[in-house]
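# Build the 3D model from these lines:
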Amino acid sequence: MIYAVDHVVRAVSISEREAVAGELLGQGLRDIPLHLEFPEIGAASDSYATAAGSFVELVYETRPGDAPAAWFDETPRVIGLGFSSDDFEFDIAPWVDMRGAWTMDEDHELADGSVLNIRAAGPHPHFEGFYVFVMDRPEGLPYAELRADGRLASLTFEGGEAAEWRRRLNDWLRLPSTDAGLRAGDVALRFRSGSHPGVRVAPVLEPS
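Presented below is the predicted three-dimensional model:
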């Protein structure tokens, strides 16, 4: 079952990185000792935990011009949204063999010498302007022990494709419907039309 929003991926420029991180810390999130390097695409990331144990991942270029242009043509903004699953194979089965779907099972060595395994899958290419994916989390959200003060309350999808994204998330992830949209755990997903031809996603963080 898909039981929570796992993490929100935000693209930032190098010049925006410090200010956006400061905003997240000021909203009660906690710095996670998790710095990831992605040399194959010229990018890296730092992450910040929410009260529930989910997190916001800030992705930035380490080699400007080499990283996916669709991620960094407009910053700061949400480029990806991950969901937690406690039955990974079951939850991805309806779409894992679709054209454009992808899977990932990678080990990343961290600065302290430990190894982080990332097991994820998505129903469509993730080097596009916005993508969703599922994380294998049978033991729950990963950073609840950090006891952050800020919680992720909602995500608003706005733009010409907002209604289409509601349909996709309902079809792909079978999220429960509400009067306002959809829900993933304690996070509300709202959808409204807007002037942008695609979709932009706005997270709301609140005190826990």
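
# Tell me the buried residues in stretch 201-208?
201, 203, 205 (16 or more other C-beta atoms under 10 Å). Just so you know, the C-beta spots here come from the backbone N, C-alpha and C atoms, and that holds for glycine as well.

# hmm, I was thinking of stretch 107-116
Applying 16+ other C-beta under 10 Å to stretch 107-116 flags no residue as buried.

# next one: stretch 28-48
28-30, 32, 34, 42-48.

# Out of the residues you listed, which comes closest to Arg174?
Ser47 (27.0 Å; C-beta to C-beta).

# The closest one should be in a strand, yeah?
Yes. Counting by DSSP: H, G, I helix; E, B strand; the rest coil, Ser47 is part of a strand.

# right, and it touches Leu29 too?
No. Applying C-beta atoms under 8 Å, one finds Ser47 not in contact with Leu29, separated by 9.3 Å.

# which residues do these two both contact?
Taking C-beta atoms under 8 Å, 6 or more residues apart in numbering as the criterion, Ser47 and Leu29 both touch 55-56.

# Ser177 versus the residue with the largest distance to the centre of the chain, what's the distance?
Outermost residue of the chain with respect to the C-alpha centroid, by C-alpha atoms, centre = their mean, is Gly113; its distance is 25.1 Å. Going from Gly113 to Ser177 by C-beta to C-beta, to the nearest Å gives 45 Å.

# repeat for Pro125
Counting by C-beta to C-beta - Pro125 and Ser177 are separated by 27 Å.

# Check Tyr131 too.
In terms of C-beta to C-beta, Tyr131 sits 22 Å off from Ser177.

# what about those two, which has more around it?
Neighbour count, other C-beta atoms under 10 Å: between Tyr131 and Ser177, Tyr131 has more, with 19 against 11.

# Was I right to think the more buried one contacts Trp102?
No. Taking contacts as C-beta under 8 Å, Tyr131 lies outside contact range of Trp102: 9.4 Å.

# so where's this structure uncertain?
Along the chain, no part satisfies pLDDT under 70.

# ranges for the helices of it?
Using DSSP state H, the helices of the chain run over 14-26, 69-72, 88-92, 162-173.

# Mind putting the ones you listed into TSV with mean neighbour count?
Output for the helices of the chain, formatted as TSV (neighbours: other C-beta atoms under 10 Å):
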stretch	mean neighbour count
helix 14-26	14
helix 69-72	18
helix 88-92	17
helix 162-173	17
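
# looking at those, which is closest to Glu57?
Closest to Glu57 of the helices of the chain, according to C-beta to C-beta: helix 14-26, at 10.6 Å.

# How about residues contacting that closest one?
Contacts of helix 14-26 (C-beta under 8 Å, 6+ apart): 10, 12, 31, 46, 48, 56, 58, 60-61, 64, 75-76, 150, 205.

# at 10 Å what do you get?
The contact list for helix 14-26 (C-beta atoms under 10 Å, 6 or more residues apart in numbering) reads 10-13, 29-31, 44, 46-50, 55-56, 58-62, 64, 75-76, 148, 150, 205.

# Please save the CA atoms from it in CSV.
Extracted C-alpha coordinates of helix 14-26, given in CSV (Å, rounded to 0.1, in the frame of the first residue of the first chain):
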residue,chain,number,x,y,z
ILE,A,14,23.7,27.0,-6.6
SER,A,15,23.0,30.7,-5.7
GLU,A,16,19.6,29.7,-4.3
ARG,A,17,20.7,26.7,-2.4
GLU,A,18,21.7,28.3,0.9
ALA,A,19,18.6,30.6,1.1
VAL,A,20,16.2,27.8,0.4
ALA,A,21,17.8,25.5,2.9
GLY,A,22,17.6,28.3,5.5
GLU,A,23,13.8,28.6,4.7
LEU,A,24,13.3,24.9,5.3
LEU,A,25,15.2,25.0,8.6
GLY,A,26,13.2,28.1,9.6
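
# Okay then, goodbye and thanks.
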